Every structure is written in C-alpha cells, then in structure tokens.
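1. next input, structure requested:
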Amino acid sequence: MKRRSVLLLFSLLVGVFVMTGCQLIHKNGTPKTNTTSKISKQTVPEVCYTDLSKADRAKLIFAFKANEDSTGDPTPGEDDTIRMAVTNRTNKIVQFDRSKFMIFEDAEDKKVSKLTGLLTVRPGETKKVTEIFSHVNDQYLVGAGIFLYLNQHYPLAYTYYAFRKDGVTSANLKDKKLIKINTPHQESQSSSASSDDSDDTADSDDSTNDANQNQDSGNQNNAGQSVATSSSSTSTTMTEAQAETILRNWLASNDGATFDQIFADGVQISQGTAAWGFTNSNGESWDVFYDGHIKAPGDPQ
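-> Okay, the predicted model is just below:
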C-alpha cells in the first residue's frame, strides 16, 4: 500500500516537472507573432502654407480679434492688439513664418507682425497666437484693410470690424460689401480720363467748372451748410469708410453713445454732393461733410 502511494506521488512529481519545462520552453522560445509585428506609421507631410494648393489653403480657417481697450469700450482705438487663431482642416502639417503675417491697406500703409519663428499646425488642430499684431491703429478696422500672409496672393480675412465680439474670420472674404470697400475706387481714374479727353477744350471746360463751382457755393451758402469752400464740396473725395471713421471718432470723443450703440438696429448710408449721411432706425441722421465737419441731429443748419 505504501509502495503504491510512493509510486503515485512520484508520478505526480514527474508530471509537474514536465509541465513546468514545457512552459519554460514556450516562454523562452520563439516569441509570438503578434508581439513582434510592427505597425506601419503613415508619414504626414510638412508643407509651407505658400506651397499648398488653392484648394488646401481654403481648408485653413483664420480668425482675428482686436482686444478691447483698458476701459472695456469695444470701439477701436489707437493701440489695439490683435490675436489670431488658425484651424487646419487639411491632411498635412502646415508651417508659417510668424514674421510674414501683415495687415495691408495699401502699398504705403501696412503693418507687419514683429513675431519670429515658425508656427506649425497639425491636421485637425487649432493654434492660437495671442498677440500677432500690436499697436494697431483704428484705420485698419473701420475701413479698407486685409490680413495677409506674405503678400496679396495669400489673403486671410478682411480687417473690417475686427474689434467686434466675434472678431472676423476667413469667411468674410466672400462678403460683397467688404469686397466693395477693399476694391480701389475708380474716381481718380475717371478724373484722369476726363482730363485727357478735355485737353483740346481746356479753356472752355475750366470756365464751365468755375461757373458750376460758384453755383454750388451759392446754393450751399443759401442752405446754411458749413462747408469751407465750393471746391471742397465738389473736388474733395471721401469714401464711405473714411466718413464712418470720422463719425466713429467724433462720437467716441463726445462721451455719448458709441457708433455701434446708435446704429445697433442698422444704418442707412447715403452720399450727397457735400456730405455722407448716416441714419439710424429712429430716423436720426448724422452728416459727415467732406471738410470733416459733422452735423448731428438737432444741430442748426
């Protein structure tokens, strides 16, 4: 009986030894296939923004916002800072040179970012730059102006009203009103063409112009309008954007309601022979004359 028990115990020990050896062999032998397989990683290309196709550039969304001044007044000031956000909806890593961002009004009036270094935006990522521009004058925000990268071939967004709550985005590049504001006016070209056509009859044209100016001056004096001279009303050109800028600054300096408050429900803008008119939903009208004079509601004629 004892002998049988010893044999049984010996058999169990042998079995345990064999099983342990098999496990060690399996563990120390050839590793399993799924632990050695390598997962191939797809390489994402890195591309400079200017090297993207037009279709890919359209997939990058830019947003700009002018910071409010220290008083919390949302109207533009002389020392605004601009923050920018860019969202990359392409399948490429896009790189920018921070020093190539600019605000452009015309060839002689532009502001270039003082930042340096690269800005890298991965697919699906949004990158923010808290101060892409500093010390921005209000002229860029209430009239013609555009945010660019490198040059005019790479427009990012129009600057118009970038100080408002939601700022501006690339979507405003399709706004017909902003396109019109940023399209060079043809007045100077028309004047030049008229001048060329009238070379042979300059004396008679000058006489006619003088007579017209005198008549305009008489009409204005009879109406009691404050225009410095007849030539300022007939020859001075002022765009809608320039008139709006003058009115905004005038309202801000008079410690009353701001332009946005007065015209919160809309503004009707008209151009006369001597001034631009801005009328709100209550029928109140402000006239901005070409010499810079402003007539507010209730002011004497």
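2. quick one: low-confidence parts of the chain?
-> 1-42, 68-78, 184-237, 255, 301 (pLDDT under 70).
3. again, only this time at 80
-> 1-42, 68-79, 106-108, 138-139, 184-237, 252-256, 292, 298-301 (pLDDT under 80).
4. which residues of it fall in helices?
-> Remark: helices assigned in the chain by DSSP state H are 2-28, 33-36, 54-57, 139-142, 176-181, 187-197, 202-223, 230-234, 240-253, 259-262.
5. just give me the longest strand of the protein.
-> Using DSSP state E, we find that the single longest strand of the chain is strand 126-136.
6. for that strand, packing partners?
-> Packing contacts for strand 126-136, counted by 3 or more Cβ pairs under 8 Å, 6 or more residues apart in numbering; DSSP states H and E, involve strand 80-88, strand 101-106, strand 118-121. Quick note: C-beta positions are derived from backbone N, CA and C, even for glycine.
7. give the partner strands of it in its sheet and their orientations.
-> strand 80-88 (antiparallel) (DSSP bridges).
8. is it true that Thr120 touches Ile93?
-> Yes - using Cβ atoms under 8 Å, Thr120 is in contact with Ile93, at 6.3 Å.
9. that older thread, the helices and strands packed on strand 126-136 into a markdown table, with extra columns for mean neighbour count and distance to Ile61?
-> Listed next are the helices and strands packed on strand 126-136 as a markdown table, based on neighbours: other Cβ atoms under 10 Å; distance: least, Cβ to Cβ, whole Å:
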| stretch | mean neighbour count | distance to Ile61 |
| --- | --- | --- |
| strand 80-88 | 20 | 4 |
| strand 101-106 | 19 | 15 |
| strand 118-121 | 15 | 11 |
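10. closest one to Glu244 among those strands?
-> Comparing the helices and strands packed on strand 126-136 by their distance to Glu244 (Cβ to Cβ), the top pick is strand 101-106, with 14.9 Å.
11. direction included, what does the closest one pair up with?
-> strand 109-112 (antiparallel), strand 146-149 (antiparallel).
12. who's in contact with it?
-> Strand 101-106 has contacts (Cβ atoms under 8 Å, 6 or more residues apart in numbering) with 82, 84, 110-113, 115, 132-133, 136, 139-140, 143-149, 152, 156, 159.
13. among the residues you listed, which ones are buried?
-> Using 16 or more other Cβ atoms under 10 Å as the burial test, the contacts of strand 101-106 include 82, 84, 111, 113, 115, 132-133, 136, 139-140, 143-149, 156, 159 as buried.
14. who's in contact with the nearest residue to Asn91 once chain neighbours are set aside?
-> Nearest residue to Asn91 in three dimensions, chain neighbours excluded: Pro123, at 5.3 Å (Cβ to Cβ, 6 or more residues apart in numbering). Pro123 sits next to 44, 88-93 when contact means Cβ under 8 Å, 6+ apart.
15. Ile179 too?
-> Leu173.
16. any idea how far Thr120 is from it?
-> Ile179 sits 32 Å away from Thr120, going by Cβ to Cβ, to the nearest Å.
17. ok, now Tyr154?
-> Tyr154 is 17 Å from Thr120, by Cβ to Cβ.
18. likewise for Lys110?
-> Counting by Cβ to Cβ, the gap from Lys110 to Thr120 is 25 Å.
19. next one: Ser99
-> Distance from Ser99 to Thr120, by Cβ to Cβ: 15 Å.
20. wait, isn't Gly117 in contact with Arg98?
-> Yes - Gly117 is within contact range of Arg98, at 5.5 Å (criterion: Cβ under 8 Å).
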